[in-house]
Every structure is written in C-alpha cells, then in structure tokens.
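K.L.:
Model the structure of this input:
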Amino acid sequence: MTRFRPLLATVFAGLVALGVARDFVHREATGIDFHTYLAAALVGMRQGWSRIYDEGPVAAMQQQLDAHVATQPFLSTPPMALLVAPFAGLPYSVAYCAWGAITLAAFTAALAWSSRYRGPARWLATAAAIVPWWVIHAIHVGQVAPLIAAAVLVAWRLLREDRQVAAGLVLLLLLLKPNTAPLVPVALLFTRRFRAFGVWAGASGLVAIVSVLMLGPHGVTAYTTDLTHLPANAVIGASQLTVGTAFELSNAVALAVRVAILAVTLGAMYRYRQETGMAIAVAACGSLLIITYLHGSDLCLFLAAGWIVWNERPQPEWRAVLAGIWVLSTPLLDGSAMAPALNRWVICELVVLAAFAVDAFGPVAAGRYRKVLTGWAASRWRAPA
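P.N.:
Presented below is the predicted three-dimensional model:
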C-alpha cells in the first residue's frame with residue numbers, strides 16, 4: 001500500500017485543485033457584504049461614526065460605491081467598520097479584491113499554521129480544507145467569517161503552546177461578528193485557561209466602551225433599532241441554516257431544542273476540560289446550532305471545528321465522519337442530487353455534535369475521564385521527599 005501513496009496523493013491533489021478552481025468559477029462574485037462594510041466605514045469617516053447605523057446615508061454610500069450591488073443595512077459591530085476603513089482610499093473594485101485576498105490568505109495561513117501536519121502533507125491538507133463551497137462563497141460576498149474561523153484556529157495553536165495572553169487577544173476578532181462563535185470563549189473557562197479568558201474579557205470590555213463612546217447616544221439608539229427591526233428578507237435569508245427553520249419548528253420547540261443542544265455542548269466541553277482543542281471544536285459546532293441568525297459563509301467556523309478534530313482525533317470513526325461531510329461540501333457535487341440543500345447542513349452539524357457526545361460521554365471516554373480524575377486527585381498529594 002505504501003508504494004501507491006505518491007499516486008494516491010497526486011490524484012487527490014488533482015481533485016482538490018479541480019474543486020477549488022470550479023468553486024472560484026462557479027460562485028458569483030457579488031461582494032455584497034464587503035460593499036456594506038465599506039459603505040458604513042465611509043459614512044463614519046465623512047459624516048461621523050454616530051451615523052454608521054443610519055440606513056439612509058449607508059444606502060446612499062453603497063449606491064455611490066457600486067450601484068450594481070444590492071443595498072442592505074449595516075448590522076455588524078463598530079469594529080467591523082473600523083477594520084475596513086483603510087480600504088476606503090482605494091477604488092471599490094480594487095478594495096474588494098484586496099479584502100478577499102487578505103481574508104482568504106489569513107484563513108489559509110491559519111489552517112496551515114495550526115495543523116499538526118508537516119512538509120507537503122501540510123499544504124495538501126490545507127488546500128483540501130478550503131475546497132468546501134462556503135469558503136470561496138465567503139470570499140466572493142466579502143464576508144468576515146473566514147477571519148472569525150482563522151482566529152479560532154490561531155488561538156487553538158497558541159493555547160497548545162500555552163501562550164494564553166496572545167490567544168485571548170486573537171479571539172478579539174470574534175467581536176467582528178459576535179453571533180457566530182459565542183461559545184468559544186466559554187471553552188476557555190472549561191479548560192481552565194483563565195488567563196486567556198481574562199485577557200479576552202477585559203479587552204472585549206474595553207472595545208465595547210470605546211465603541212459606545214464612538215457611536216454616542218444617537219449611534220447606540222440607531223444600532224439597537226436596526227437589530228430589533230430587521231428587514232423581513234434579511235430574517236428569512238439568515239435563518240435557513242438554523243435548527244428552527246431547517247426542521248420547521250415552532251418558536252417554543254426551537255427554543256427547547258436549542259437549550260438541549262446548549263446543554264449537550266456545555267457537558268461535552270466539561271468532559272473535554274483537559275483537551276483544549278476538542279473543547280473549542282465542540283463550542284464552535286454548538287455555537288452554530290444555537291444561534292438564530294447566520295449565513296452560508298458562517299460554515300467556515302464549522303470547517304475550523306472539523307479541522308481541529310481531524311488533527312486531534314486520528315481515529316478512523318472520526319475521519320470517516322469528517323471525510324464524508326467534506327465530500328458533500330465539494331463544489332464537484334453542485335447540481336447533483338447528492339448536494340445538500342442549504343438548510344440540510346444543519347443535519348451535518350447535528351451529526352458532528354452527536355459524534356462529540358459519543359466521544360465525550362461514551363465507553364472510551366469513560367476511561368479517559370477516570371484518568372483525568374485520577375490525575376487531578378494525585379496532583380493534590382505531595383510527592384515523597
């Protein structure tokens with residue numbers, strides 16, 4: 001079998017290259033999200049940051065940037081507008097391409113740097129990881145989701161090296177889109193990474209204070225109004241990947257399901273308290289299942305969770321689950337009966353959450369759990385002199 005490895009690697013590399021190429025060509029480059037980010041930044045720079053949530057000025061600025069791209073309200077946090085402000089001096093098409101290149105490069109670099117692979121295998125695995133359709137989709141719409149996923153991966157690598165302060169600071173990127181990965185910082189508490197959590201919480205509080213001062217009373221009120229009066233089309237479009245919409249649940253039942261998912265996620269995080277990577281991975285997966293507002297590009301976080309597990313759990317059972325989901329996500333299946341509809345990806349997330357539950361609470365985990373308890377108990381006794 002060993003002598004066939006170079007051939008198999010070459011064939012796989014060819015399929016990966018074909019998948020990425022097809023994705024770039026097949027996905028329509030609209031830049032709609034970056035279009036909105038940049039419009040808000042320009043309104044802030046020219047008219048005052050307190051007006052970035054005024055829909056009229058932001059819509060007018062979007063028309064000025066590129067009238068062919070649809071307008072939409074700016075609902076991201078103030079740091080998002082500040083992040084894209086440096087692109088304001090460039091022509092829109094150049095700014096859009098630069099943003100896409102930077103976010104893709106950041107995500108790719110995070111995958112490569114955080115991997116346990118070395119040599120050519122690292123780059124082949126990294127290339128395979130960006131094949132799923134949602135990665136290039138996120139780049140084409142100009143979404144910030146790849147940066148959120150990159151932050152999770154970089155923090156995982158930093159925590160492996162016990163660089164907690166750096167990890168906490170990197171996770172500040174989650175504030176760019178707080179609804180995507182809300183449980184990831186909680187994983188720091190379960191894994192006793194208190195310094196990392198403290199740095200993240202303290203710096204997040206500082207960012208929040210600066211944001212409020214920057215917006216002023218008018219800006220804060222406008223932001224609150226925008227969040228509580230979402231356009232109907234935005235709510236429908238952003239709920240396709242949620243548990244409630246995927247299974248056509250009533251609001252009460254959907255809430256009960258989310259509470260159950262949260263309980264399973266927290267329980268698994270507790271069982272993984274000696275395995276920071278696995279705790280972060282289950283937190284990322286659970287986050288996607290409990291939130292009520294997300295898009296296809298947010299599945300970049302799902303990919304990050306899968307990447308962590310692929311590196312942390314080389315067992316065939318895990319590899320089979322992750323490889324199967326990867327196959328379903330490739331653009332090579334676009335248009336076929338095998339390609340899942342958008343709201344069917346919730347099922348894949350639930351399958352992975354179930355795998356986490358089995359891994360954390362199953363018979364194999366019981367032995368691992370007893371070793372953890374024994375290790376903790378033994379650590380409380382002084383060694384003989």
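
K.L.:
Give me the residue ranges of the stretch 51-200 of the chain where confidence is low.
P.N.:
Low-confidence segments of the stretch 51-200 of the chain (pLDDT under 70): none present.

K.L.:
need the contact list for the residue nearest the centre of the chain.
P.N.:
Closest to where the C-alpha atoms of the chain average out (CA atoms, centre = their mean) is Leu301, at 2.6 Å. By CB atoms under 8 Å, 6 or more residues apart in numbering, the contact list for Leu301 reads 145, 148-149, 152, 180-181, 284, 287-288. Every residue, glycine included, has its C-beta placed from N, CA and C.

K.L.:
do Val135 as well
P.N.:
23, 104, 107, 146, 300, 303.

K.L.:
so it is in which element?
P.N.:
For Val135, the host element (DSSP states H and E) is helix 133-141.

K.L.:
Distance from that helix to the middle of the chain?
P.N.:
Its chain's average C-alpha position is 13 Å from that of helix 133-141, according to CA atoms, centre = their mean, to the nearest Å.

K.L.:
about what we covered before: CSV for the contacts of Leu301, including secondary structure, neighbour count and distance to Val94?
P.N.:
Formatted as CSV, the contacts of Leu301 follow (DSSP: H, G, I helix; E, B strand; the rest coil; neighbours: other CB atoms under 10 Å; distance: CB to CB, whole Å):
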residue, secondary structure, neighbour count, distance to Val94
Ala145, helix, 29, 22
Ile148, helix, 27, 24
Ala149, helix, 32, 25
Val152, helix, 30, 29
Thr180, coil, 24, 27
Ala181, coil, 28, 30
Ala284, helix, 29, 33
Ser287, helix, 27, 34
Leu288, helix, 25, 33
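
K.L.:
any chance of those residues in TSV, with distance to Leu188 too?
P.N.:
Listed next are the contacts of Leu301 as TSV, based on distance: CB to CB, whole Å:
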residue	distance to Leu188
Ala145	21
Ile148	16
Ala149	17
Val152	12
Thr180	17
Ala181	12
Ala284	13
Ser287	14
Leu288	18
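
K.L.:
of all those, which comes closest to His68?
P.N.:
Ala145 (23.1 Å; CB to CB).

K.L.:
Tell me the spacing between that closest one and Leu174.
P.N.:
Noted for Ala145: a distance of 11 Å to Leu174, by CB to CB, to the nearest Å.

K.L.:
between these two, what contacts are shared?
P.N.:
Thr180.

K.L.:
how about the CA coordinates for the helix holding Val135, as PDB?
P.N.:
Provided in PDB are the C-alpha atoms of helix 133-141 (Å, rounded to 0.1, in the frame of the first residue of the first chain):
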ATOM      1  CA  TRP A 133     -18.100  25.700  -1.200                       C
ATOM      2  CA  TRP A 134     -18.700  28.000   1.800                       C
ATOM      3  CA  VAL A 135     -15.000  29.200   1.900                       C
ATOM      4  CA  ILE A 136     -15.000  30.700  -1.600                       C
ATOM      5  CA  HIS A 137     -18.600  31.800  -1.200                       C
ATOM      6  CA  ALA A 138     -17.500  33.800   1.900                       C
ATOM      7  CA  ILE A 139     -14.700  35.400  -0.200                       C
ATOM      8  CA  HIS A 140     -17.000  36.200  -3.100                       C
ATOM      9  CA  VAL A 141     -19.500  38.000  -0.900                       C
END
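
K.L.:
Within the helices and strands, which one has the nearest residue to Ala222 once chain neighbours are set aside?
P.N.:
Excluding the flanking residues, the one nearest Ala222 by CB to CB, 6 or more residues apart in numbering is Tyr53, at 3.8 Å. For Tyr53, there is no host helix or strand (DSSP H and E).

K.L.:
next one: Ala125
P.N.:
Ala125 belongs to helix 120-129 when assigned by DSSP H and E.

K.L.:
What is that helix packed up against?
P.N.:
helix 5-26, helix 92-114 (3 or more CB pairs under 8 Å, 6 or more residues apart in numbering; DSSP states H and E).

K.L.:
Just the C-alpha atoms of it, please, in CSV.
P.N.:
Extracted in CSV, the C-alpha atoms of helix 120-129 (Å, rounded to 0.1, in the frame of the first residue of the first chain):
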residue,chain,number,x,y,z
PRO,A,120,4.0,18.7,1.7
ALA,A,121,1.2,16.9,3.6
ARG,A,122,0.5,20.2,5.4
TRP,A,123,-0.1,22.1,2.2
LEU,A,124,-2.1,19.4,0.6
ALA,A,125,-4.3,19.1,3.7
THR,A,126,-4.7,22.9,3.8
ALA,A,127,-5.6,23.1,0.1
ALA,A,128,-8.2,20.4,0.7
ALA,A,129,-9.6,22.3,3.6
